[in-house]
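*Asks:* mind folding the following:
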Amino acid sequence: MAGMTDPTSPYSPSPETALSTADRLDQPPLRLAVIAASVRKERLSRVLADWAAGKAADIADVDLVDLAECELPDDEHLEPGGGPRSAIADHIDRADGYVIVTPEYNHSYPACLKRAIDWHYGEWMFKAATVLSYGVQGGLLAAEHLRGVFAELHVVTTRRVVGLRAPWNDIGDDGFTPPPGTGEALDEALRELTWWATTLHVARRDRPFQR
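*Replies:* Model (predicted):
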């Protein structure tokens, strides 16, 4: 797992971008976690997550969390509301929002992503998420199934999500080259994500939810 918040990282916003964002929101720059959700040997989620992280870095500090590089505790230790603190708990906890980069497996999302979600509880709560899905038909069933799961964790998923149809045809030596309109679609989803992430950041700070 690589945390992409170092000032020298290609995923860090420029000082000018970070400053203008902080001034506009009257808070430190937002932090987004981009989560690569596939662990298969032959997978696309990391190269697509790299692309998404580069786009997100224009508007926020970014952590790139690759589930293939994370080891969660054994499920026997999982309890209602989470379990022992995992290696990625801090990355999830300090993020204001999430970009979930996931394939569609059997009309849903991968089991490794469900484990990563279930192993955390309070870290997710009252945050925002968008989904960058992919598959033969764009992987949108994975995105729709995630909405219900995240709702249980008090996570707001954006109306706008992005589905990449057969993205393996668009990957070369330089990584992912998005088809026309794809970059703009992700920009729109990220704009909605930052609105929700900002709104919820302020609410968590000024009006914490009382059960």
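*Asks:* check contacts around the nearest residue to H154 once chain neighbours are set aside.
*Replies:* Nearest non-adjacent residue to H154, counting by C-beta to C-beta, 6 or more residues apart in numbering: M125, 4.5 Å away. (Each C-beta comes from the backbone N, C-alpha and C, glycine too.) Counting by C-beta atoms under 8 Å, 6 or more residues apart in numbering, M125 makes contact with L153, H154, V155, F209.
*Asks:* next: L67.
*Replies:* Contacts of L67 by C-beta under 8 Å, 6+ apart are I35, A36, A37, S38, V39, C112, L113, A116.
*Asks:* again with E123
*Replies:* G82, A89, I92, D93.
*Asks:* narrow the residues you listed to those that are buried.
*Replies:* Using 16 or more other C-beta atoms under 10 Å as the burial test, the contacts of E123 include G82, A89, I92 as buried.
*Asks:* and the residues you listed as CSV, adding distance to E184?
*Replies:* Formatted as CSV, the buried ones among the contacts of E123 follow (distance: C-beta to C-beta, whole Å):
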residue, distance to E184
G82, 37
A89, 34
I92, 28
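*Asks:* what's the longest helix seen in the chain in contact with?
*Replies:* Scanning the chain for the longest helix, with DSSP state H as the assignment, gives helix 182-206. Residues outside helix 182-206 that contact it (C-beta under 8 Å, 6+ apart): 25, 27, 30, 32, 52, 55-56, 59-60, 96-97, 99, 126-130, 132, 156, 158-162, 164, 178, 209.
*Asks:* residue ranges in this structure under the pLDDT threshold?
*Replies:* Counting by pLDDT under 70, the chain contains low-confidence ranges at 1-28.
*Asks:* can you list the residue ranges for strands in it?
*Replies:* 31-36, 61-66, 97-103, 128-135, 156-157, 162-165, 171-172, 175-176 (DSSP state E).
*Asks:* and the residue nearest the centre of this structure?
*Replies:* V99 (2.2 Å; C-alpha atoms, centre = their mean).
*Asks:* so what's that one bridging to?
*Replies:* V34, T130 (DSSP bridges).
*Asks:* my guess is it meets R31, correct?
*Replies:* No - V99 is beyond contact range of R31, at 11.8 Å (criterion: C-beta atoms under 8 Å).
*Asks:* neighbours around the residue nearest to V131 when sequence neighbours are not counted, how many?
*Replies:* The shortest distance from V131 to any non-neighbouring residue, by C-beta to C-beta, 6+ apart, is to A143 (4.0 Å). When counting by other C-beta atoms under 10 Å, one arrives at 22 neighbours for A143.
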